[in-house]
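[1] sequence first, predicted model second:
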Amino acid sequence: MIRWIKSHQEYMDFMQAAKACRTEHFYAPTLPSPEGLALGITISKKVGKAVQRNRLKRRIKAWCIMHPEDLATQGRMNLIARKGAAELSWEQLSAELCQLMRSV
RNA sequence: GCGGGAAGGAAAGAUGUCUGCUGUGCCUUGGCACAGAGGAAAGUCCGGACACCUUGGGCAGGAUACUUCCUAACGGGAAGCUGCAGCAAUGCAGAGCCAGCUCCACAGAAACAAACCGCGUAGUCCCAUGGGGGCUGCGCAAGGGUGAAAUGGUGGUGUAAGAGACCACCGGUACCGCUGGUGACAGCGGUAGCCAGGAAUGCCUUAUCCGGUGCAAUGCCAAAUAGGAAAGCUAUGGUUAAGCCCAAACCGCUUUCGGGUAGGCAGCUUGAGCCAAAGCGCGAGUUUUGGCCCAGAGGGAUAGACAUCGGUUCCGGCUUGUCCGGGAUUACAGAAUCCGGCUUAUUGACUUCCCGCGAAC
RNA sequence: GUCCCUGUAGCUCAGCUGGAUAGAGUGGCACCCUCCGAAGGUGAAGGUCAGGCGUUCGAAUCGCCUCAGGGACG
């Protein structure tokens, strides 16, 4: 079961993250954690306007629910979207997320 | 048919499968039922409701500006008035330079109460028949030239030369009277030479309105703790949420350092609400009656993927049309306390009305 | 939520109490200098003054409305 990170303080912990993975449109710092998997999503205003940011967040959430076999079993991760991520199609997005999760 | 102009509404998708989210209700406590973004939710350009701030007053400051009306209010809207643009439909603009100050570059004599050239004339000197020229002084706004702008135009009287100095007509301005209109104003008649500028989206004047801060307002519960330290101002002082002052009230106030907590509930959606009919009003609107309940998140839900059918457009086929196949595209954009406007963004279209020109009848 | 600032040559900025031609540095271009470069010198080009409307005789400058970018506070 995925736990979504919601508090501001927990997001600030990722400033000190040692390990990080990156692809063309995403940057994901990770932290070790004893309990199960925890995911956070960060999309800044540089990515697009409010409609595009909301749609990208919903798509990432939906992909994580549909592909639990690709995700790690434990650890904390913050998915930060970079410029251009809102223009990706569904196939491109899932391919990039697959690549990101395998490199963890 | 061509060209132009104005107004308006609706928001381009529909269905199914799988996987999910938020709220409310129900009970067997994890299932079911119902509901779940917009016309602009946006920009934050205005106006309010609501909440808090010991109190009262003044100045300062801000906003608006033809008239009447609508509205809770408005810088919004409706109907008109005047001016300008346009053949017209129509569009755009709107207090006051007879209170004071300031500015009007360059050019020009002069940019506000003006003499450079010029037109006249008195004295004097020179050449000297008439007359011409120089210097000093005075009168003159007709002509020239400059400029965006130089004191209304035409004709006459008048004069040394001229001039609204005076006269006639025309144009403007101010005032008076009558008529129409709630009013801005319009029409008619009369009087006055009054006719010496422009800029208040320059300072400003006049009239009207405005206290400040904002739902992270504010209230309650829970948790935590050190009512701590230093510096400054101190009763002719300080504070009273704001630039200043006064009154009244109160006795501490300001800055820095250090420590703690950063959870929950309410506010939070029944409202200047929406729909329909009837009445009133040219209209913006408003009154009555009946019906309805229509998002409430809090790292922020309202969806993601796939399939089918559509819309628009492009390419190909031939069986040329309510055809078949393939590709692209399917706007702008996401509630955050809530309303009333304004402004901006917007795909493909649609509806209604008006004006001009041309043709036919 | 409440506010503030900025927009001028490819880049960094002046000019902002209206006055005509919008400047400076730097970069790019051409030429000179040198055996060749660098440095230096000379010359020309390059602008919708973010956009629109208005005020004025005249607007980069004043007023209003938009657009874009950046920032502050709790």
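    Alright, I've got the coordinates. Numbering: from 1, shown residues only, chains lettered A, B, ... in the order given.
[2] what ranges does chain A have for its helices?
    Counting by DSSP state H, chain A has helices at residues A:8-12, A:50-66, A:90-102.
[3] between helix A:90-102 and the second one, find me the angle.
    Angular relation of helix A:50-66 and helix A:90-102 on a 0 to 180 degree scale: 60 degrees, by axes from the mean of the first three to the mean of the last three CA atoms, to 10 degrees.
[4] mind giving me the packing neighbours of helix A:50-66?
    Secondary-structure packing of helix A:50-66 (3 or more CB pairs under 8 Å, 6 or more residues apart in numbering; DSSP states H and E): strand A:26-43, helix A:90-102. Where C-beta positions appear, they are placed from N, C-alpha and C, glycine not excepted.
[5] please convert the ones you listed to TSV, extending it with mean pLDDT.
    Listed next are these as TSV, based on pLDDT from 0 to 100:
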stretch	mean pLDDT
strand A:26-43	82
helix A:90-102	85
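[6] what does the helix or strand bottoming out on mean pLDDT in chain A rub up against?
    Least confident helix or strand, chain A: helix A:8-12 with a mean of 77, by mean pLDDT, DSSP states H and E. With contact meaning CB atoms under 8 Å, 6 or more residues apart in numbering, helix A:8-12 is reached by A:5, A:40, A:42, A:76, A:78.
[7] quick one: which two of those residues are the most distant?
    The largest separation in those, counting by CB to CB, is between A:Thr42 and A:Arg76 at 13.0 Å.
[8] tell me which of these two has more neighbours.
    Counted by other CB atoms under 10 Å, A:Thr42 and A:Arg76 do not tie: A:Arg76 has more neighbours, with 21 against 16.
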